[in-house]
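J.: This is a predicted model, with the sequence first.
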Amino acid sequence: MNPRTFLVHGLIAGLVAGFAAFLVAHVVAEPQIDAAIALEEAASAEPAEHGHDGDAAPHSHDDEAGGHSHGEEAEVSRGTQSTWGLATGTILLGTVLGGATALAAAFALGRLGSLGARGSTAVVALVGFVATGLVPFLKYPSTPPAVGSGDTIGERTALYFGFWAVSLVAAIVAVVVARRLADRLGGFKAVVLGALGYLVVVVAVGLALPTVNEVGDFPADTLWYFRRESLVTVAVLWAVLGVVLTGLVGRDADRAMHDRRRREAAAAL
């Protein structure tokens, strides 16, 4: 078992996880996006309707020259975005995460106490989900169309990825510290202290970072459903990635163990 084998398994697992995430997102998340888009279009149509009420609103040549016509289609249709576009994004993301997680699992093999190949790979996948999926989402949850100002997209993106990086680094440090404390304090106490240290860091940084509140009068139930389905999609991505990668790595570990025992038995003859 070597990093190249781990990487190949990670890419395969990521591909499967990305496709699974696409199916979940297409079924449960896309309807919430459609609902948000419908609300956005309804809100933007209201001023136009008021402007055309009665004969007092003359036709504007500026609207004809520079405005968007009602028949104009988007460069990428909504149907393409919710199918091929969504599939491309989730599969690409899953493949990248799979490769990175596999390399991390290869590095962690034999360095997490008595955990074998399956156990250490599962721990790496779980830490990856918590550190890069769950915790950043709790601070800066995803938002549907019609929520948030276009002028603050850059700032909001920087805040999210900044907190994402802090969470990931804190998780790595927590794992390293817990591993070093395990010999003196025992595995359970070391894990608890490492987890507490991670929580202290992310909570402190999360409180220090500004809160984004640009919801406005967007319906709370639609926002909740969108964020819930978004988190479900991320959880499915990581769950499938972890299960498939752990299974592939465990199968290789069983084969390696079987070959080793066979060689030892042959050498004893």
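T.: Cool, got the structure.
J.: mind listing the helices in the stretch 151-269 of the chain by residue range?
T.: 153-185, 187-208, 220-268 (DSSP state H, counting those that start in this stretch).
J.: Just the mean pLDDT for the host helix or strand of residue 5, thanks.
T.: Element membership for residue 5 (DSSP states H and E) is helix 3-24. On average, the pLDDT along helix 3-24 is 94.
J.: Which residues does it contact?
T.: Contacts with helix 3-24, where a contact means CB atoms under 8 Å, 6 or more residues apart in numbering, come from 86-87, 90-103, 105-107, 232-234, 236-241, 244-245, 248-249, 252. Quick note: C-beta positions are derived from backbone N, CA and C, even for glycine.
J.: hang on, the earlier thing: nearest to residue 33, of the helices of the stretch 151-269 of the chain?
T.: helix 220-268 (7.0 Å; CB to CB).
J.: and that closest one, what other elements does it pack with?
T.: helix 3-24, helix 30-51, helix 86-108, helix 117-129, helix 135-139 (3 or more CB pairs under 8 Å, 6 or more residues apart in numbering; DSSP states H and E).
J.: ok, so what distance separates the residue nearest to residue 185 when sequence neighbours are not counted from residue 182?
T.: Counting by CB to CB, 6 or more residues apart in numbering, residue 193 is the residue found nearest to residue 185 once chain neighbours are left out, at 7.3 Å. Here residue 193 is placed at a distance of 10 Å from residue 182 (CB to CB, to the nearest Å).
J.: More neighbours: which of the two?
T.: A direct count of neighbours by other CB atoms under 10 Å for residue 193 and residue 182 places residue 182 higher, at 19 against 16.
J.: if we can go back for a sec, and the helices and strands packed on helix 220-268: which comes nearest residue 258?
T.: helix 117-129 (13.3 Å).
J.: what angle sits between that closest one and helix 3-24?
T.: 50 degrees (axes from the mean of the first three to the mean of the last three CA atoms, to 10 degrees).
J.: Name the residues of helix 117-129 that come out as buried.
T.: Across helix 117-129, burial judged by 16 or more other CB atoms under 10 Å covers 117-125, 127-129.
J.: same deal with stretch 235-255?
T.: For stretch 235-255, using 16+ other CB under 10 Å, the buried residues are 235-246, 248-250, 252-253.
J.: And that stretch, how far out from the chain middle?
T.: 18 Å (CA atoms, centre = their mean, to the nearest Å).
J.: what does stretch 192-205 give?
T.: Using CA atoms, centre = their mean, the offset of stretch 192-205 from its chain centre is 21 Å.
J.: oh, and call the first residue 785 from now on, that's how I've got it
T.: Right, with 785 as the first residue, what we last looked at is stretch 976-989.
J.: Contacts for that stretch, please.
T.: In contact with stretch 976-989 (CB under 8 Å, 6+ apart) are residues 915, 919, 947, 950-951, 954-955, 957-959, 961-962, 965, 969.
J.: could the residues you listed be laid out in CSV, adding neighbour count?
T.: Listed next are these as CSV, based on neighbours: other CB atoms under 10 Å:
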residue, neighbour count
915, 22
919, 22
947, 20
950, 20
951, 24
954, 20
955, 21
957, 14
958, 23
959, 22
961, 15
962, 22
965, 17
969, 14
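J.: what's the most distant pair in those?
T.: Among those, 947 and 969 lie farthest apart (CB to CB), at 29.7 Å.
J.: if we can go back for a sec, go through the buried residues of helix 901-913 and name the one nearest residue 973.
T.: residue 907 (16.8 Å).
J.: ok so, going back, can you check which of the helices of the stretch 935-1053 of the chain gets nearest to residue 998?
T.: Short answer: helix 937-969, nearest of those by CB to CB, at 8.2 Å.
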